[in-house]
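Participant: starting from these lines, generate the structure:
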Amino acid sequence: MDFIELMALAAPILLKGTGYTLVFAFAAMFGGLLVGFALAVARIVPNRGFRAPAALYVSMMRGTPLLVQVFIIYYGLPSIGISFEPLTAGVLALSLNAGAYISESLRGAILGVAQGQWSAGYSLGLNYWQNLYYVVMPQALRLAVPSMSNTLISLIKDTSLVSVITVTELLLATKDVIATTFQPLPLYLAAAGIYWMLSLCLEHVQRRLEKHFGRSARTV
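Facilitator: Purely as a prediction, here's the structure:
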């Protein structure tokens, strides 16, 4: 089987796997944003009862391999009566992991907003939460765009880890084709090329967002 025949055979399967990879990445990014926002807020509020558990969670998720977290959620939790389908387990693991990194991006961005912005909000009669939502968070999101975009790009590559729980994303789809064609090198190179192309597309979106928010900042 020559290269063209191999790619013609593999293309539909790899494209389907790519679709699952994108679904995983964007679903995990959405879940990670929710988790990250909650953690970021918990780490900046004056109440230490919120800050300490959030800091512990972030430390644990950033300090342990994502693959181990996937195993714990899919293989470990059923031992205590909690089980998930592979698709759900994969998205959950990626979301919880991404949330820890996104929370640090948001927390740093919130802390990067000038203290005078908080003071200005308070002078208008806003309370802490109103100040955070209406004044500080819009500015913090602009500052957090680059690092949050990097997290999404990393998620595209991290989806390959959920292949270990039999989710047919791009890497497992590639392995399935290899099992029938016995030509690993060109197929793994094709998969690597697809991951690279997806990352390049997201990098382009990142640059557009940075330019957009940069213009918005200059017009404020």
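Participant: so how many other residues sit close to the residue lying closest to F71 once chain neighbours are set aside?
Facilitator: Take F71 and drop its neighbours on the chain: the residue closest to it by Cβ to Cβ, 6 or more residues apart in numbering is V164, 7.6 Å away. (Each C-beta comes from the backbone N, C-alpha and C, glycine too.) Neighbour count for V164, taken as other Cβ atoms under 10 Å: 16.
Participant: quick one: V164 and I73 touch, right?
Facilitator: No: counting by Cβ atoms under 8 Å, V164 does not reach I73; the two are 11.7 Å apart.
Participant: overlap in contacts of those two?
Facilitator: Common contact partners of V164 and I73 (Cβ atoms under 8 Å, 6 or more residues apart in numbering): none.
Participant: give me the residue ranges of the chain where confidence is low.
Facilitator: 1, 213-220 (pLDDT under 70).
Participant: residue ranges of the helices in the chain, please?
Facilitator: 3-44, 48-63, 66-71, 86-112, 115-123, 128-130, 137-158, 170-181, 184-219 (DSSP state H).
Participant: tell me the most buried of these?
Facilitator: Highest mean neighbour count among the helices of the chain (mean count of other Cβ atoms under 10 Å): helix 86-112, with a mean of 21.
Participant: check which helices and strands that helix is in contact with.
Facilitator: helix 3-44, helix 48-63, helix 66-71, helix 137-158 (3 or more Cβ pairs under 8 Å, 6 or more residues apart in numbering; DSSP states H and E).
Participant: circling back: ok, the residue nearest to F71 - contacts?
Facilitator: L67, V70, F71.
Participant: before we move on, what about L92?
Facilitator: So L92 contacts G31, I73, F84 (Cβ under 8 Å, 6+ apart).
Participant: can I get those residues in JSON lines including distance to R107?
Facilitator: Formatted as JSON lines, these follow (distance: Cβ to Cβ, whole Å):
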{"residue": "G31", "distance to R107": "18"}
{"residue": "I73", "distance to R107": "25"}
{"residue": "F84", "distance to R107": "29"}
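Participant: and which of those is nearest to I153?
Facilitator: Among the contacts of L92, G31 lies closest to I153 (Cβ to Cβ), at 16.7 Å.
Participant: just to revisit the earlier point, measure the residue nearest to F71 to G81 for me?
Facilitator: Per Cβ to Cβ, to the nearest Å, V164 is found 22 Å from G81.
Participant: repeat for H204
Facilitator: Counting by Cβ to Cβ - H204 and G81 are separated by 45 Å.
Participant: A114 too?
Facilitator: For A114, the distance to G81 - Cβ to Cβ - is 49 Å.
Participant: neighbour-wise, which of these two wins?
Facilitator: A114 (10 against 6).
Participant: for that one, give its distance to S199.
Facilitator: For A114 relative to S199 (Cβ to Cβ), the value is 33 Å.
Participant: likewise for F3?
Facilitator: Counting by Cβ to Cβ - F3 and S199 are separated by 24 Å.
Participant: K175 is nearest to which of the helices and strands packed on helix 86-112?
Facilitator: helix 3-44 (9.6 Å).
Participant: what is that closest one packed up against?
Facilitator: Against helix 3-44 (3+ Cβ pairs under 8 Å, 6+ apart) you get helix 48-63, helix 86-112, helix 137-158, helix 170-181, helix 184-219.
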